[in-house]
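A.B. asks: kindly generate the corresponding structure for this input.
(chains A, B, C and D)
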There are 4 protein chains.
Amino acid sequence: MSSSSSFPGLSTRRIEAFSDGVFSIVITLMAFQIKLPPIDSANAAQELPRALITLWPEFYTYALSFLMVGVYWIGHHNAYHHIQRSNRPLLWMNLVSLMIIALLPFSASVLGRYMDNQISVVLYGSNIIAIGLANYAQWRYALNARLVNAEIEPWFVKKVNFRMLMAPAVAVSSILVSFINTRASVLLYLALIVFYMFPTALDRFRK
Amino acid sequence: MSSSSSFPGLSTRRIEAFSDGVFSIVITLMAFQIKLPPIDSANAAQELPRALITLWPEFYTYALSFLMVGVYWIGHHNAYHHIQRSNRPLLWMNLVSLMIIALLPFSASVLGRYMDNQISVVLYGSNIIAIGLANYAQWRYALNARLVNAEIEPWFVKKVNFRMLMAPAVAVSSILVSFINTRASVLLYLALIVFYMFPTALDRFRK
Amino acid sequence: MSSSSSFPGLSTRRIEAFSDGVFSIVITLMAFQIKLPPIDSANAAQELPRALITLWPEFYTYALSFLMVGVYWIGHHNAYHHIQRSNRPLLWMNLVSLMIIALLPFSASVLGRYMDNQISVVLYGSNIIAIGLANYAQWRYALNARLVNAEIEPWFVKKVNFRMLMAPAVAVSSILVSFINTRASVLLYLALIVFYMFPTALDRFRK
Amino acid sequence: MSSSSSFPGLSTRRIEAFSDGVFSIVITLMAFQIKLPPIDSANAAQELPRALITLWPEFYTYALSFLMVGVYWIGHHNAYHHIQRSNRPLLWMNLVSLMIIALLPFSASVLGRYMDNQISVVLYGSNIIAIGLANYAQWRYALNARLVNAEIEPWFVKKVNFRMLMAPAVAVSSILVSFINTRASVLLYLALIVFYMFPTALDRFRK
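C.D. replies: Next comes the predicted model:
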């Protein structure tokens, strides 16, 4: 659909290819950050299981980041199912959004290492808020500049807006909750991923 | 084929592009993990060949991981030759599958370094089992949700199922064998790659 | 448009896919260079915010490189909207251009760390000049070898030339300014990015 | 062209996308291996230029690898302009070829660091020979299995064969020359890149 040439302006083919590239690199590089600490090879039989258990927070952070970046990739996928043309401002808005998404593994690794530290909850939450606002700005711009397909209906746009603003809203709550309990904040981020995994009425609206 | 727009739902174009990205990064980054240890430049003539020989297990692990990830890429390629549409659950199942595949270089490097240690055989085997189940779940879901092309025949599906479950079955056997001999377990993983290299009756079923 | 097969020669599909790959890797890897320095976990509450503040120049350099590589990606995107066919010299010119663009994160990181050092301003500026000349040579070649679509108008080509040569021109000025004040040189590079963000008359010339 | 669906078998779309991914990662990651050694920030003004000059062999190796991987990417591009269908053996042959190409940055870095050491000339040469044979086997297989378009002419195939076998032939010569002079061997590798840059009669044979 996005390669449709009946619309004026640039097609969205390359914006999608480039974004897919960035998403897949962000998501994959994290797996290569996980490294077995050097162990005493003399009694590796006992050291190896211990070393693997030590890595547990890294696997946890990996899954957390992978799935959250996955949420954004699926969101990008769905948004560009409707965005049919691109122009210079959209390219820049997309770039800025990717720039902030590429920082998520950093924020997630800080959160994973210092889960009891409020600063790391605030850092991760700020990243989620910044991505949410960048994505929302991009989507509003695409709507206003009529870069989306014409048949899109108001109820649909409303529902997309709601889903897009859910992530920054949860992040704000999570930051507030962190003043009481940082572990509860982290659980809110997990609940957010589960929320985005469930199908929505939007999914049925595709011809 | 997968760009066919006569089907409702999202096309599989971007799911393929994103997955190709992840596969190609996983497979290529491993080559960059191989690094020559620092050698005494005064008598490099004698030190260099010795250093290269020391790297032998890393080259071995590299080939083992590259070919196994290759097996999964070819499997993905073949599956999405038949899967014609995507929806939210499929996107998530694919993401989870890629998340586990991206951990294979880690498991393979542990296996490469501690080949005589049963824990590393179990770790690598668990990874293979987890990928196998994730891939199988994705394929069954695509069949049940009618995301595949309609003309697919029961004997074909049966054969695909068999091939998909072969890898986790061999991994279970390999883990059992590791209680007797870990080197024999590693040979089973090699035999698995050779199995997937041979053409199959499935390959002839393409118009 | 670029997949149009009514032109002789190779299509530009793969040159675009390959270039998108290079751009997305260059732009994303930079985010993974940012690493939290090891901090004293005993009093992480005080150390963590301090460590994050220490990283400030790295975030600054990250944004500077990301946006500048973004400028080149958008330029590539726009140029290949008009370039419709490729041949061996074009493939090589594109490769050389990408080879120099891939060095930009290195130059930017040197500039970020030694912002008061004239050498780093000269290094970064030389990189910008080299990219500008490589891109300009590629574009002139595509025009002369008639690899662009036929309807392109002289006023359009003139405007593209102007925009393309703006970056190396600013880099030359920035190097000259660095003899007086290196901070002013860095501001010129920032102004360059802002210049490329604004829409241009060229953007309206698309059917 | 390669997306033509009038042929039986799998299209070559994904084999190209996956290979483009691998090529672009191999080529880009090398730039991120270049790192400024830590310098005394007290007198950075004098240390910085010295540190940059120390990096010279790394830039040299970078250019050497980038251009040689570029040769293989352009060769792949040209081969798959004619290869129109894929099957399981072709997918595997392509994977093995990419596996060996991904090792080229390693060989090149060893050559760059130990340019006067015959072992490093032999290592780099062996890599070039292995890639050449893997590529040639893939091309012959595609011809024999009739995966190429039907109109391809014998004189064309002959010329492609010649060009493909040139690289391993030069590598064999270079290894032989290394018994006399290793620097002359390195020059032969440079001459090889220049050879592949020149247009050929093959380039005119495209409709």
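A.B. asks: chain D contacts on chain A?
C.D. replies: Within chain A, the positions lying close to chain D (Cβ under 8 Å from any Cβ of the partner chain) are A:Gly21. Placement of C-beta: from N, CA and C, glycine included.
A.B. asks: which residue ranges form the helices in chain A?
C.D. replies: Assigned by DSSP state H, chain A shows helices spanning A:13-29, A:44-54, A:56-82, A:88-101, A:104-113, A:118-144, A:154-177, A:182-197, A:201-204.
A.B. asks: who wins for proximity to B:Pro49 among those helices?
C.D. replies: Ranking the helices of chain A by their distance to B:Pro49 (criterion: Cβ to Cβ) puts helix A:44-54 first, at 27.4 Å.
A.B. asks: quick one: distance of that closest one to the chain centre.
C.D. replies: Here the centre of mass of C-alpha atoms in helix A:44-54, compared against the chain's by Cα atoms, centre = their mean, to the nearest Å, lies 33 Å away.
A.B. asks: quick one: residues in contact with it.
C.D. replies: The set of residues external to helix A:44-54 that reach it, using Cβ atoms under 8 Å, 6 or more residues apart in numbering or on different chains, is A:36-37, A:39-40, B:110, B:114, B:117-120, B:123.
A.B. asks: may I ask which of these comes out lowest in pLDDT?
C.D. replies: Taking the contacts of helix A:44-54 together, the minimum pLDDT is found at A:Asp40 (78).
A.B. asks: and that residue, backbone torsions?
C.D. replies: Dihedral pair for A:Asp40: phi -70, psi 110, per degrees, to the nearest 10.
A.B. asks: dump stretch A:50-60 to CSV, restricted to CA.
C.D. replies: Taking Å, rounded to 0.1, in the frame of the first residue of the first chain, the C-alpha atoms of stretch A:50-60 are listed here in CSV:
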residue,chain,number,x,y,z
ARG,A,50,27.0,-19.4,39.2
ALA,A,51,28.2,-17.1,36.4
LEU,A,52,25.0,-17.7,34.4
ILE,A,53,22.8,-16.9,37.4
THR,A,54,24.7,-13.7,38.0
LEU,A,55,23.7,-12.6,34.4
TRP,A,56,20.0,-12.9,35.4
PRO,A,57,19.4,-9.1,35.6
GLU,A,58,20.9,-8.7,32.2
PHE,A,59,18.5,-11.2,30.6
TYR,A,60,15.7,-9.4,32.4
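A.B. asks: which of the helices of chain A is buried the deepest?
C.D. replies: helix A:13-29 (a mean of 26; mean count of other Cβ atoms under 10 Å in any protein chain shown).
A.B. asks: now do it: distance to the chain's middle.
C.D. replies: A distance of 12 Å separates the centroid of the chain from that of helix A:13-29, by Cα atoms, centre = their mean.
A.B. asks: using PDB, write out every CA atom in it.
C.D. replies: Presented in PDB, the C-alpha positions along helix A:13-29 are these (Å, rounded to 0.1, in the frame of the first residue of the first chain):
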ATOM      1  CA  ARG A  13       9.100   2.900   1.200                       C
ATOM      2  CA  ARG A  14      12.500   4.200   2.200                       C
ATOM      3  CA  ILE A  15      11.300   5.700   5.500                       C
ATOM      4  CA  GLU A  16      10.000   2.300   6.400                       C
ATOM      5  CA  ALA A  17      13.200   0.400   5.200                       C
ATOM      6  CA  PHE A  18      15.400   2.800   7.200                       C
ATOM      7  CA  SER A  19      13.200   2.600  10.300                       C
ATOM      8  CA  ASP A  20      13.100  -1.200  10.100                       C
ATOM      9  CA  GLY A  21      16.900  -1.100   9.900                       C
ATOM     10  CA  VAL A  22      17.200   1.100  13.000                       C
ATOM     11  CA  PHE A  23      14.600  -1.000  15.000                       C
ATOM     12  CA  SER A  24      16.300  -4.300  14.100                       C
ATOM     13  CA  ILE A  25      19.700  -3.000  15.100                       C
ATOM     14  CA  VAL A  26      18.600  -1.500  18.400                       C
ATOM     15  CA  ILE A  27      16.800  -4.700  19.300                       C
ATOM     16  CA  THR A  28      19.600  -7.100  18.300                       C
ATOM     17  CA  LEU A  29      22.600  -5.300  19.600                       C
END
